[in-house]
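Trainee: got a sequence here, can you build the structure:
(one chain, ligands or ions: 3)
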Amino acid sequence: MLAALTDVGEAETAGGRALLAERYRALQRQIPLLYTICLANLLGLHLAVTKGFASLVHPSTLLIPLILIRLYHWTRTRNADMPPERIVRELTLLRGGGETEQYYVILFGSLASIGCAYGLSSFPGAARLPLLFLALPLATMLILSPISGHVGLGISIALIIVLILRLLSVHNESFVKLVESRVQVEAERERARRAEKAAKAEKAKARRIADTDPLTGLANRRAFLRSLGRQAGLIERDGGAATLAIVDLDGFKPINDTFGHAMGDAVLEEVGRRLTAAGGPASMIARMGGDEFALILESCGDEAEAQRAGRAICRVLEDAVFIDSREFHISGCCGLTILRAGDCNVTEALIRADTALYRAKEQGRAGTAVFSQEMGRLQRRRTRIEQALRRPEERDLISLVYQPIFDISNNSLRAFEALARWEHPELGTLSPAEFIPIAEQVSAIETISDRLLEAAAAEALLWPDSVRLSFNVSAVQLCTAGCAARILAILGNRGIHPRRLQVEVTETALLVDFATARTNLQALRAAGTRIVLDDFGAGHASISYLREMQFDGIKLDGALVASVQSTGSRRLLKGVVDLCASLGVPCVAEHIEQESELDLLRGLGCRYGQGFLLSPPLAAADAAALAGGTVTRLRRAAA
Ligand code: C2E
Ligand code: MG
Ligand code: MG
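Mentor: Ligands and ions are numbered 1, 2, ... in the order given. You can find the predicted model right below:
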């Protein structure tokens with residue numbers, strides 16, 4: 001259509017002018033319609049491709065006012081008669097100016113489209129459009145121009161277009177590669193991030209497992225010690241107090257041994273649940289190992305509160321536990337210590353709680369004790385005794401004294417009971433009742449006992465054959481396989497017949513491991529050694545032991561003799577003496593301190609006796625003198 005309008009040279013002749021005027025009139029009618037169509041299409045395009053506020057800055061928006069201005073111009077001049085010069089000017093304007101201007105339009109249009117292509121180079125699909133649909137047709141127009149200069153220009157623009165198309169494709173390839181590699185790098189990064197996250201989760205899980213007791217799901221010792229350290233740090237920094245409690249079950253081992261470990265595990269799980277409930281929210285609870293649990297009670301900061309908390313903990317353990325329609329009765333002892341600012345050492349706190357637990361256990365089942373300074377003093381003494389028992393030069397200071405045992409029916413000497421004595425230069429005189437249990441715990445008892453038995457056997461060689469050596473064998477020893485063989489070997493080495501020996505065992509020794517104790521006692525008995533049950537009536541052992549084990553003598557606990565002043569106790573003593581008689585086992589009364597007691601025992605038919613009234617424990621030489629008949633009854637001889 002433009003080409004048809006370009007020939008404004010028609011205005012040179014009258015006919016040409018009439019033709020131009022006619023063309024112009026026709027255009028006056030059509031052009032407003034043309035602009036209206038353009039406007040409608042632009043608006044349609046505009047609405048179809050843009051949304052929201054962004055539509056206001058779309059390039060097509062810029063054309064709209066231009067079209068409106070032109071539409072207004074053509075509508076206004078629609079029916080106006082125009083002079084030929086004006087018509088020529090309008091038409092020239094309509095076809096894009098004169099020839100030179102047209103070539104400028106082509107040139108600048110081409111350059112603009114090349115510029116556009118460059119600007120859109122990141123999106124080759126769009127970048128090719130101005131080149132192919134604007135620059136290329138314009139270059140073609142130049143090539144087709146009759147002016148040779150324009151042809152050259154057209155060809156060079158066409159070549160530039162080809163070059164740019166090529167550049168666009170190369171640029172696009174490397175751009176795509178760049179983006180791909182960026183995507184790849186990002187994917188790698190994402191993978192690394194995920195792997196790191198998974199590793200972190202794995203690590204947290206491993207830490208959780210490392211800090212958890214697998215059986216009860218509670219914290220384990222490791223995690224507990226960490227928490228205790230943290231708590232101690234907080235108290236040191238901010239003040240306040242908290243209580244550390246250690247709980248140890250009573251009678252758990254028999255459940256494990258009798259009903260199997262699965263049942264034992266179920267009991268421990270239940271204990272964990274109960275302690276969690278008893279501890280309350282402001283506490284940390286852990287299984288320290290075996291049947292030992294520990295709690296940090298944050299809201300518990302003085303001795304009375306700690307006592308109450310300890311008792312509450314013991315109480316929740318006392319209710320029967322039902323597992324697989326079986327009923328178990330367990331209990332636990334609780335040792336507590338208070339952590340205060342300035343006195344918050346974790347190791348020290350654990351030792352203190354253990355010390356308190358030890359004292360609680362001494363009270364029997366379900367005992368509770370809060371650590372005190374006196375306990376600390378006793379604990380330090382105990383530690384010192386432990387050290388001394390481990391050092392040969394100190395433990396070799398342990399010696400023996402011998403207390404005579406008489407046949408009280410005729411006052412004849414029948415045996416000497418060997419009793420350990422320890423004169424320690426630093427600790428003073430130690431009672432065997434104090435150091436023997438410690439020696440058992442630190443596994444020094446066998447070494448000590450062997451040495452004492454050797455010494456006692458050497459002394460017994462000095463006594464007449466009718467006088468026996470009565471030797472105390474501890475629970476730990478008796479429940480150790482090979483104990484009988486050791487004793488018999490020592491006697492053999494000294495050349496003393498096992499018949500000269502009588503071993504004294506306590507009820508507790510039988511309670512620990514009855515089977516091993518019985519094996520040892522049977523071996524000793526088979527060799528001719530007499531077996532005497534010591535301290536009968538002091539513990540909780542049942543009479544069934546008297547039936548199951550054959551004893552050659554029963555020693556009545558000193559407390560039974562000491563309380564005979566009251567009628568009730570006299571009846572009890574008589575009952576026990578009668579029991580021994582009905583079993584056909586002679587009984588030995590201990591702790592005879594008064595003539596009345598001696599007379600009473602004689603009257604009850606008790607055969608043997610020992611006690612301060614008859615003779616205190618004697619030094620070896622005095623015992624030998626008594627046995628040799630130089631003296632008959634030391635006290636009376638002295639008198
Ligand atoms: P035990 O075998 O019942 O010994 C009797 C205890 O009563 C001895 O105490 C003795 O000194 C004391 N005693 C004797 N007569 C009287 C009296 O009239 N009144 C009072 N109140 N006490 C009297 P000891 O020597 O302190 O021994 C305590 C316990 O230590 C012994 O009780 C025994 O179980 C154990 N023991 C002593 N020596 C040894 C030993 O060499 N080995 C082992 N395994 N235990 C020993
Ligand atoms: Mg004894
Ligand atoms: Mg005794």
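
Trainee: if I look at the closest residue to T368 other than its chain neighbours, how far off is D354?
Mentor: Excluding its sequence neighbours, the residue lying closest to T368 (C-beta to C-beta, 6 or more residues apart in numbering) is G310, at 3.6 Å. Heads up, the C-betas are built off the backbone N, CA and C, glycines and all. Here G310 is placed at a distance of 14 Å from D354 (C-beta to C-beta, to the nearest Å).

Trainee: returning to what we had before: counting contacts, what elements does the one helix or strand the residue nearest to T368 maps to pack onto?
Mentor: Assigned by DSSP states H and E, G310 belongs to helix 303-318. Secondary-structure packing of helix 303-318 (3 or more C-beta pairs under 8 Å, 6 or more residues apart in numbering; DSSP states H and E): strand 241-250, helix 261-279, strand 292-297, strand 331-340, strand 368-370.

Trainee: out of these, name the one with the poorest average pLDDT.
Mentor: Mean pLDDT values for the helices and strands packed on helix 303-318 show the minimum at helix 261-279, a mean of 91.

Trainee: next SSE downstream of that one?
Mentor: strand 283-289.

Trainee: so after the strand of greatest length in the chain, what's the next helix or strand?
Mentor: As assigned by DSSP state E, the longest strand anywhere in the chain is strand 412-424. Once the chain leaves strand 412-424, the next helix or strand it forms, by DSSP H and E, is strand 428-430.

Trainee: quick one: buried residues of that following strand?
Mentor: L430 (16 or more other C-beta atoms under 10 Å).

Trainee: any idea how far that strand is from the chain center?
Mentor: 45 Å (C-alpha atoms, centre = their mean, to the nearest Å).

Trainee: residues contacting that strand, please?
Mentor: 385, 421-424 (C-beta atoms under 8 Å, 6 or more residues apart in numbering).

Trainee: what sits against I338?
Mentor: 241-244, 300-303, 306, 370-371.

Trainee: mind giving me the ChimeraX select for the residues you listed, buried ones only?
Mentor: Here is the ChimeraX selection string for the buried members of the contacts of I338, based on 16+ other C-beta under 10 Å:
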select :241,242,243,244,300,301,306,370,371
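
Trainee: enumerate the residues of this protein near ligand 1.
Mentor: Residues of the chain that fall close to ligand 1, judged by C-beta under 6 Å from any ligand atom: 403, 418-420, 431-433, 436, 449, 452, 472-474, 504, 534-535, 558, 590-591, 593, 611-612, 617.

Trainee: can you tell me which of these are buried?
Mentor: Among the residues of the chain next to ligand 1, those classed as buried by neighbour count (16+ other C-beta under 10 Å) are 403, 418-420, 432, 436, 449, 452, 472-474, 504, 534-535, 558, 590-591, 611, 617.

Trainee: narrow those residues to those in strands?
Mentor: 403, 418-420, 472, 504, 534-535.

Trainee: thinking again about what came up before, can you tell me which of the contacts of strand 428-430 lies nearest to ligand 2?
Mentor: Each of the contacts of strand 428-430 was checked against ligand 2 using C-beta to the ion; the closest is R421, at 14.0 Å.

Trainee: pretty sure that closest one is touching L397, no?
Mentor: No: if you go by C-beta atoms under 8 Å, R421 and L397 don't touch, sitting 9.2 Å apart.

Trainee: and the stretch 401-550 of the chain, which residues reach ligand 2?
Mentor: 472, 504, 534 (C-beta under 5 Å from the ion).

Trainee: mind listing what the residue nearest to the last one when sequence neighbours are not counted touches?
Mentor: Read that as D534. With C-beta to C-beta, 6+ apart as the criterion, D534 has its nearest non-adjacent residue at 4.1 Å, and that residue is E504. If a contact means C-beta under 8 Å, 6+ apart, then E504 has 417, 470-473, 532-534, 555 as its contacts.

Trainee: ok, which of these also contact ligand 3?
Mentor: D534.

Trainee: in CSV, list the contacts of E504 along with pLDDT.
Mentor: What follows is the contacts of E504, written out as CSV (pLDDT from 0 to 100):
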residue, pLDDT
E417, 98
S470, 98
F471, 98
N472, 98
V473, 97
V532, 96
L533, 94
D534, 93
K555, 95
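
Trainee: okay, now the domains of the protein?
Mentor: 2-173, 221-371, 392-638 (automatic domain parsing).

Trainee: distance to K203 for those domains - can I get that in CSV?
Mentor: Converted to CSV, these look like this (distance: least, C-beta to C-beta, whole Å):
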stretch, distance to K203
domain 2-173, 44
domain 221-371, 16
domain 392-638, 41
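
Trainee: which one is G495 nearest to, not counting chain neighbours?
Mentor: That would be L461: by C-beta to C-beta, 6+ apart, it lies 7.3 Å from G495.

Trainee: just want the angle from the helix holding G310 to strand 283-289.
Mentor: Relative orientation of helix 303-318 versus strand 283-289 (axes from the mean of the first three to the mean of the last three C-alpha atoms, to 10 degrees): 60 degrees.

Trainee: who wins for proximity to D578 among the helices and strands packed on helix 303-318?
Mentor: strand 241-250 (33.5 Å; C-beta to C-beta).

Trainee: what is that closest one packed up against?
Mentor: helix 221-238, strand 292-297, helix 303-318, strand 331-340, helix 346-362.

Trainee: with distance to ligand 2 added, can I get those in TSV?
Mentor: Formatted as TSV, these follow (distance: least, C-beta to the ion, whole Å):
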stretch	distance to ligand 2
helix 221-238	40
strand 292-297	33
helix 303-318	33
strand 331-340	28
helix 346-362	21
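
Trainee: just send the ones you listed back as JSON lines, with distance to L63 too.
Mentor: Output for the helices and strands packed on strand 241-250, formatted as JSON lines (distance: least, C-beta to C-beta, whole Å):
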{"stretch": "helix 221-238", "distance to L63": "74"}
{"stretch": "strand 292-297", "distance to L63": "80"}
{"stretch": "helix 303-318", "distance to L63": "87"}
{"stretch": "strand 331-340", "distance to L63": "84"}
{"stretch": "helix 346-362", "distance to L63": "83"}
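
Trainee: nearest to V179, of those?
Mentor: Closest approach to V179 among those is made by helix 221-238 (50.0 Å; C-beta to C-beta).

Trainee: could you dump that closest one to CSV, C-alpha only?
Mentor: Output in CSV follows, covering the C-alpha atoms of helix 221-238 (Å, rounded to 0.1, in the frame of the first residue of the first chain):
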residue,chain,number,x,y,z
ARG,A,221,25.5,-42.9,82.8
ARG,A,222,27.4,-40.8,80.2
ALA,A,223,24.5,-38.5,79.5
PHE,A,224,23.7,-38.3,83.2
LEU,A,225,27.2,-37.2,84.2
ARG,A,226,27.1,-34.5,81.5
SER,A,227,23.7,-33.2,82.9
LEU,A,228,25.0,-33.3,86.4
GLY,A,229,28.1,-31.3,85.3
ARG,A,230,25.8,-28.8,83.6
GLN,A,231,23.6,-28.5,86.7
ALA,A,232,26.6,-28.1,89.0
GLY,A,233,27.9,-25.3,86.7
LEU,A,234,24.5,-23.5,86.8
ILE,A,235,24.4,-23.7,90.6
GLU,A,236,28.0,-22.4,90.8
ARG,A,237,27.0,-19.5,88.5
ASP,A,238,23.5,-18.6,89.6
